[in-house]
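Asker: got a predicted structure here, sequence first:
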Amino acid sequence: MKRILKIGLVTSVILSSVYAEDVSSIQEMFTNGEVSGQIRFGYLDVDTDVAGENDTSASAIGGQLKFETASFHGITLGAAVYTSQAITALSGEQSDGKFNEELTSSEKHYTELAEAYINYANDGLNICVGRQLLDTPLADSDDIRMTPHTFEAAVASYTFDDIGLTLIGASIQRWQGVDADYKNVTNNKWVETNREDGSGTYMAAAVYSKNNLEAGAWYYDVDKAAKATYVDAAYTLELGKAELTVAAQYLSESESDNSDIDGSIAGAMVEASFFGITAGLAYDDVSVDDGKEIFEGFGGGSSFTNMDTMTAGSLHDGTYGDGKSFVASLGYEIAGANIFAAYGDFKADAIASGTKAHVTEIDLGIEYAYNDEFDASLYYIIGEDKESADKTEFDDSHIQLTLNYNF
């Protein structure tokens, strides 16, 4: 899942360390550390058209509390607790099947030491080991409910500032968050990034950013599951107060150990910004072998046509064949508010004697930042199955309200 706000590239890895004040002693390392965090209120109401299934709703209060030390000889330490607690009085009844688990869990609560890392930085070199935030094409934070995803990983990068090039290598072992099924909080807080008996995911990448050009090449080996190569590039042309961005992407995957992952996604995007208005068009073409599926990563995925619920690969799970999707989006920024709308159309061909698939999604929303501390968002998402005569999981709508206090 990925929120449609502004279509763009994932061309960098986000490391956890963001605060680095040089100090002269270990004591100052901690006394000069920084506390930060967020308090979040969330409300989610899902209206389904599927016969026999209930509408669901939930409210929750939660957020993050983080401490990061100052830098001592380039070393910083950081830790953050994420939590989400259901507000029962403003949620559906669990006993009647009307409680939605996406904001908290099946237990109506979720608390985890989501970040705990040691980071070393020296000139262009950065090494971070432990539980941390990552944003890469096939492993990303995807903060669309109450808390973002984080990963147990070791990540090393080196940036050559003069030429705009960053080289990255990583071992990513486990992850947590809404897309990792924290709904099953009893025994499933941290999920392996590999199939059974595997040894994690290994990543290597090169990222370039200079002179209005951004480009990246990424390789992932998801043990016992798939080997994936992802490349993208975007060029931004500045025309006075307007900007025009054109981009392309390609993902190629091959299965490991008969995992049934085998296919590719090729896409293109154009986006124009002028006088506070942003308009975009995106297209993705999906190709899979019969009976196979596409792996879109741990998190929201990188495809240009990914929306709140639907992704470029949503319909390609072994029961449908090749397909295509496009998204048209329009946004307007005024007085601290971003008002946007996006329409997505997703199709998949039949394989053998099966049926075709055709789903549409409409994302409507407004985001408002009062200042650096307070912001709010309201989204309305509408899905419709255009192909099936019966109502399916794609025939639903939901409203999500989020209020944040950042400190």
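Answerer: Cool, the structure landed.
Asker: relative to Gln94, how far out is Tyr380?
Answerer: Shown here: Tyr380 relative to Gln94, a distance of 25 Å by Cβ to Cβ, to the nearest Å. Where C-beta positions appear, they are placed from N, C-alpha and C, glycine not excepted.
Asker: am I right that Ser287 is in contact with Tyr320?
Answerer: No - counting by Cβ atoms under 8 Å, Tyr320 is not a contact partner of Ser287; they are 12.0 Å apart.
Asker: how many neighbours does Lys386 have?
Answerer: Around Lys386 there are 14 other residues, counting by other Cβ atoms under 10 Å.
Asker: excluding chain neighbours, what is closest to it?
Answerer: The shortest distance from Lys386 to any non-neighbouring residue, by Cβ to Cβ, 6 or more residues apart in numbering, is to His358 (4.1 Å).
Asker: so, low pLDDT: which residues of the chain?
Answerer: The chain contains residues with pLDDT under 70 at 1-21, 183-188, 352-353.
Asker: give me the residue at the spatial middle of it.
Answerer: With distances taken as Cα atoms, centre = their mean, the chain has Asp142 as the residue nearest its mean C-alpha position (2.5 Å).
Asker: so that residue: helix, strand or coil?
Answerer: Judged by DSSP: H, G, I helix; E, B strand; the rest coil, the three-state class of Asp142 is coil.
Asker: cool, Gln173 as well?
Answerer: Per three-state DSSP, Gln173 ends up strand.
Asker: on that earlier part again, higher neighbour count, Ser287 and Tyr320?
Answerer: Neighbours per residue (other Cβ under 10 Å) separate Ser287 from Tyr320, with Tyr320 holding more: 22 against 17.
Asker: and the more buried one, what does it touch?
Answerer: 348-351, 354, 356-357 (Cβ atoms under 8 Å, 6 or more residues apart in numbering).
Asker: any of those residues buried? List them.
Answerer: 348-349, 351, 356-357 (16 or more other Cβ atoms under 10 Å).
Asker: does Ala342 sit in a helix or strand, and which one?
Answerer: strand 337-350 (DSSP states H and E).
Asker: next secondary structure element downstream of that strand?
Answerer: On the C-terminal side of strand 337-350, the closest following helix or strand by DSSP H and E is strand 357-369.
Asker: how distant is that following strand from the center of its chain?
Answerer: Relative to its chain's centre, strand 357-369 lies at 16 Å (Cα atoms, centre = their mean, to the nearest Å).
Asker: next one: the nearest residue to Leu113 once chain neighbours are set aside from Tyr343, what distance?
Answerer: Leaving aside its sequence neighbours, Leu113 sits nearest to Val81 (Cβ to Cβ, 6+ apart; 5.7 Å). Relative to Tyr343, Val81 is positioned 39 Å away (Cβ to Cβ).
Asker: please apply the same query to Ser171.
Answerer: Ser171 is 39 Å from Tyr343, where distance means Cβ to Cβ.
Asker: go on, Tyr332?
Answerer: Tyr332 is 16 Å from Tyr343, by Cβ to Cβ.
Asker: what's the answer for Thr88, then?
Answerer: 36 Å.
Asker: which of these two has more residues huddled nearby?
Answerer: Higher neighbour count among Thr88 and Tyr343: Tyr343, with 17 against 13, using other Cβ under 10 Å.
Asker: run the chain-centre distance for stretch 301-310.
Answerer: 9 Å.
Asker: restrict it to CA atoms and write it as CSV.
Answerer: Coordinates of each C-alpha in stretch 301-310 appear next as CSV, following Å, rounded to 0.1, in the frame of the first residue of the first chain:
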residue,chain,number,x,y,z
GLY,A,301,6.2,-0.8,-3.2
SER,A,302,7.8,1.5,-5.8
SER,A,303,5.5,1.2,-8.8
PHE,A,304,4.3,4.5,-10.2
THR,A,305,0.6,3.4,-10.2
ASN,A,306,0.5,2.2,-6.5
MET,A,307,-2.3,3.8,-4.6
ASP,A,308,-3.7,3.6,-1.0
THR,A,309,-5.1,0.0,-1.5
MET,A,310,-4.3,-1.1,-5.1
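Asker: check which residues of that stretch are buried.
Answerer: Buried, per 16+ other Cβ under 10 Å, within stretch 301-310: 301-310.
Asker: over to stretch 323-331?
Answerer: Using 16+ other Cβ under 10 Å as the test for burial, stretch 323-331 gives 323-327, 329, 331.
Asker: which helix or strand contains the nearest residue to Phe304 once chain neighbours are set aside?
Answerer: Leaving aside its sequence neighbours, Phe304 sits nearest to Ala282 (Cβ to Cβ, 6+ apart; 3.7 Å). Per DSSP H and E, Ala282 falls inside strand 277-288.
Asker: elements contacting that strand?
Answerer: strand 263-274, strand 320-334 (3 or more Cβ pairs under 8 Å, 6 or more residues apart in numbering; DSSP states H and E).
Asker: what angle separates the shortest one from strand 320-334?
Answerer: Taking axes from the mean of the first three to the mean of the last three Cα atoms, to 10 degrees, one finds that strand 263-274 is oriented at 20 degrees with respect to strand 320-334.
Asker: check the offset of strand 263-274 from the chain's centre.
Answerer: Relative to the centre of its chain, strand 263-274 is centred 17 Å away, using Cα atoms, centre = their mean.
Asker: lovely, talk soon.
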